[in-house]
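Visitor: here is the input, now give the coordinates:
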Amino acid sequence: MTPRSVCVVSGSRADYGLLLPVMRALQADPAFRLQVAVTGMHLAPEYGLTYKIVEADGFAIDARVDVLVSSDTAAGNSKSVGLGVIGFADAFERLQPDWVLLLGDRFEIFAAAQAALLARLPIAHIAGGDVTEGAYDEALRHGISKMAQLHFVTNADAARRLRQMGEDPANVHNVGSPALDLLRDMTFWGRGQLELSLAFRLRPRNLLVTYHPETLSEGNEEAMAELFAALEGLGQEVGLIFTKPNADAGGQAIAAAIDAFVAAHPNAVAHTSLGQQRYYSLMAQVDAVVGNSSSGLYEAPSFGLPTVNIGDRQKGRLRAASVIDCPARREAIAAAIAAAWSLDCSEAVNPYGDGQAAGRILEVLRAVNEPRRLLQKHFHDWQENRGNLVPPLPQGEGWSEGGDKTP
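Guide: Predicted coordinates for the structure are as follows:
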C-alpha cells in the first residue's frame with residue numbers, strides 16, 4: 001500500500017509545540033509520508049527563525065511559505081493572508097498531499113486552509129470548536145473548521161460546537177490536546193541548566209509571563225502598562241521571564257515595551273522564543289504563569305501550576321480550576337498573583353486530555369481509505385436543538401410561501 005502523504009503546516013513556535021508529537025508519530029509510521037510546510041513567524045528573523053528548530057528536530061522542510069510583511073498592523077496582517085493563499089497554492093500544487101493537517105486559528109493557517117480548499121485537498125483540523133471571544137482568532141478558527149473535512153478537537157464542548165455548526169458528528173473526534181503528549185514524553189531541565197541556558201538567575205519566586213495582543217481591542221498598550229505596574233510592585237526577589245508576543249497586530253509595540261521594562265529591571269529577562277524544552281522546563285520551575293497565552297490554559301494545569309489569565313483574549317475557553325481570571329488593571333493583576341501564590345493546584349485536573357492525542361489522530365487518518373470522498377460535505381442539522389429553532393419569517397402580503405417576493 002502506498003503511504004498516504006500528510007502535509008503538516010506550522011506557522012509559529014506555539015503551534016509547532018502542539019504539532020510535534022503528531023509529526024513524530026507520522027514520521028515513524030510506514031502508513032504515512034510526512035510533508036512539512038513552514039510559514040509565518042518561523043521564517044522571520046525578528047521572531048528567531050524558528051524553522052531551524054524544526055530542522056534540528058529531524059524534520060525535512062518541504063515548503064517555505066513567507067507571508068509576513070514589515071507592518072504588524074491590521075492591514076499588514078490582511079496582506080499576509082493574501083500572500084499566504086498565493087504561496088500555499090504553489091506549495092500544494094507541487095506537493096499534492098493526500099491530507100493537509102492544520103492546527104488552531106492563526107491567520108497564516110487560515111490562508112493555508114483557503115488554498116487547500118480551492119485545490120480540493122482534504123483538510124484535517126486540530127483544535128477547532130474552541131471559543132476565544134477577545135480575538136479575531138475566534139472567527140478564523142470557525143472558518144477553518146468549515147473548510148475542513150476531519151476535526152480533531154481537544155474537549156467535548158468543542159465537539160458539541162462543531163456539531164452545532166453543521167459538521168458531521170462521525171467526522172468530529174475528541175482526541176485531547178497533543179501538547180500533553182509532548183509533556184508526557186519530555187525530560188525537563190533542572191534549575192541550574194535553565195539558569196545557564198537563560199543566562200539569568202532564578203529568584204526565590206518566579207513568574208513566566210506571556211502577553212499577546214487582544215486583536216478585538218485597542219487598549220493593548222494600556223493593558224501592558226497595567227501589567228508592568230503590577231509586576232514592578234512584586235519587588236526584585238521575584239524573577240520575571242517574558243516570552244515575546246506573536247505576529248498579531250500590535251505585537252511589535254508590546255515586544256518593544258517588554259524590552260524597555262527588562263532593561264530597567266535586573267530581575268527580568270525576555271526571549272523571542274524559548275523553544276519547547278526551555279519553555280516547559282520553566283513551567284516545571286516557576287510559581288505561576290501570567291498573561292493571556294493559551295498555554296496557561298492548555299499546559300499549565302498539567303504541572304499543578306496556577307495561571308493568572310488577564311483580560312478577554314481567552315474568554316470562553318475551557319479552563320481548569322487552577323486558572324484565575326482578572327481584568328487588565330494593576331490592582332486586579334496583583335491580587336490575582338497573590339491568590340496564585342497560595343492556591344493549591346496539586347490536584348488540578350487538566351480538561352484537555354491524557355497525553356494520547358497523536359495516536360488517536362493517526363488511528364482516524366489511517367481508517368479513512370479515500371480522503372477525497374470527504375470533500376463534498378453535507379450540513380448536519382443539530383438534532384438536540386430542534387425544539388429551539390429560529391421561528392420562520394412571517395408570510396406577509398406580497399410574499400410567497402417559498403419566501404420569494406411575488407410581483
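
Visitor: which helices and strands sit right next to the host helix or strand of residue 22?
Guide: Taking DSSP states H and E as the definition, residue 22 sits inside helix 13-28. For helix 13-28, the elements it packs on are strand 4-10, strand 32-39, helix 51-56, strand 99-103, strand 123-126, helix 179-185, helix 275-283, helix 357-367, judged by 3 or more Cβ pairs under 8 Å, 6 or more residues apart in numbering; DSSP states H and E. For glycine as for every other residue, the C-beta is placed from the backbone atoms N, C-alpha and C.

Visitor: switch to 6 Å and redo it
Guide: Counting contacts by 3 or more Cβ pairs under 6 Å, 6 or more residues apart in numbering; DSSP states H and E, helix 13-28 is packed against strand 4-10, strand 32-39, strand 99-103, helix 179-185, helix 357-367.

Visitor: contact partners of that helix?
Guide: With contact meaning Cβ atoms under 6 Å, 6 or more residues apart in numbering, helix 13-28 is reached by 6, 8, 10, 32, 34, 50, 103-104, 178-179, 181-182, 273, 276, 358, 361-362.

Visitor: burial of residue 120, as a residue count?
Guide: By other Cβ atoms under 10 Å, 9 other residues sit near residue 120.

Visitor: mind telling me what element it is part of?
Guide: Using DSSP H and E, no helix or strand contains residue 120.

Visitor: about what we covered before: so the helix holding residue 22 versus strand 32-39, what angle?
Guide: Interaxial angle of helix 13-28 relative to strand 32-39 (axes from the mean of the first three to the mean of the last three Cα atoms, to 10 degrees): 160 degrees.

Visitor: and helix 13-28, average pLDDT?
Guide: For helix 13-28, the mean per-residue pLDDT is 95.

Visitor: can you mark which positions in that helix are buried?
Guide: By neighbour count with 16 or more other Cβ atoms under 10 Å, helix 13-28 contains the buried residues 13-27.

Visitor: would you check that residue 332 makes contact with residue 326?
Guide: Yes: counting by Cβ atoms under 6 Å, residue 332 does reach residue 326; the two are 4.3 Å apart.

Visitor: now the helix holding residue 22, how far from the chain's geometric center?
Guide: Relative to its chain's centre, helix 13-28 lies at 13 Å (Cα atoms, centre = their mean, to the nearest Å).

Visitor: who touches the helix or strand where residue 195 lies?
Guide: Following DSSP H and E, the helix or strand that holds residue 195 is helix 191-198. By Cβ under 6 Å, 6+ apart, the surrounding residues in contact with helix 191-198 are 201-202, 278, 281, 285.

Visitor: so where's the stretch 201-350 of the chain uncertain?
Guide: Along the stretch 201-350 of the chain, segments meeting pLDDT under 70 are nowhere present.

Visitor: what about residue 207, which SS state?
Guide: Recorded secondary structure, residue 207: strand (DSSP: H, G, I helix; E, B strand; the rest coil).

Visitor: burial of it, as a residue count?
Guide: Number of residues near residue 207 (other Cβ under 10 Å) recorded here: 23.

Visitor: what about the residue nearest to it when sequence neighbours are not counted, which SS state?
Guide: The shortest distance from residue 207 to any non-neighbouring residue, by Cβ to Cβ, 6 or more residues apart in numbering, is to residue 290 (5.0 Å). Classification of residue 290 by three-state DSSP places it in strand.

Visitor: residues contacting residue 290?
Guide: 207, 209, 308.

Visitor: so residue 332 and residue 326 - more neighbours on which side?
Guide: When residue 332 and residue 326 are compared for neighbours, residue 326 comes out ahead with 19 against 16, by other Cβ under 10 Å.

Visitor: gap between the more buried one and residue 251?
Guide: 22 Å (Cβ to Cβ, to the nearest Å).

Visitor: picking that back up, anything in contact with each of residue 332 and residue 326?
Guide: Counting by Cβ under 6 Å, 6+ apart, nothing touches both residue 332 and residue 326.

Visitor: export the contacts of residue 290 as CSV, with columns for distance to residue 130.
Guide: Formatted as CSV, the contacts of residue 290 follow (distance: Cβ to Cβ, whole Å):
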residue, distance to residue 130
207, 25
209, 23
308, 20
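
Visitor: partner strands of the strand or helix carrying residue 64, parallel or antiparallel?
Guide: Under the criterion of DSSP H and E, residue 64 resides in strand 63-65. Strand 63-65 pairs in its sheet with strand 32-39 (parallel), by DSSP bridges.

Visitor: specify the beta-bridge partners of residue 270.
Guide: Bridge pairing for residue 270 - DSSP bridges - gives residue 242.

Visitor: measure it to residue 234 for me?
Guide: In terms of Cβ to Cβ, residue 270 sits 17 Å off from residue 234.

Visitor: alright, calling it a day.
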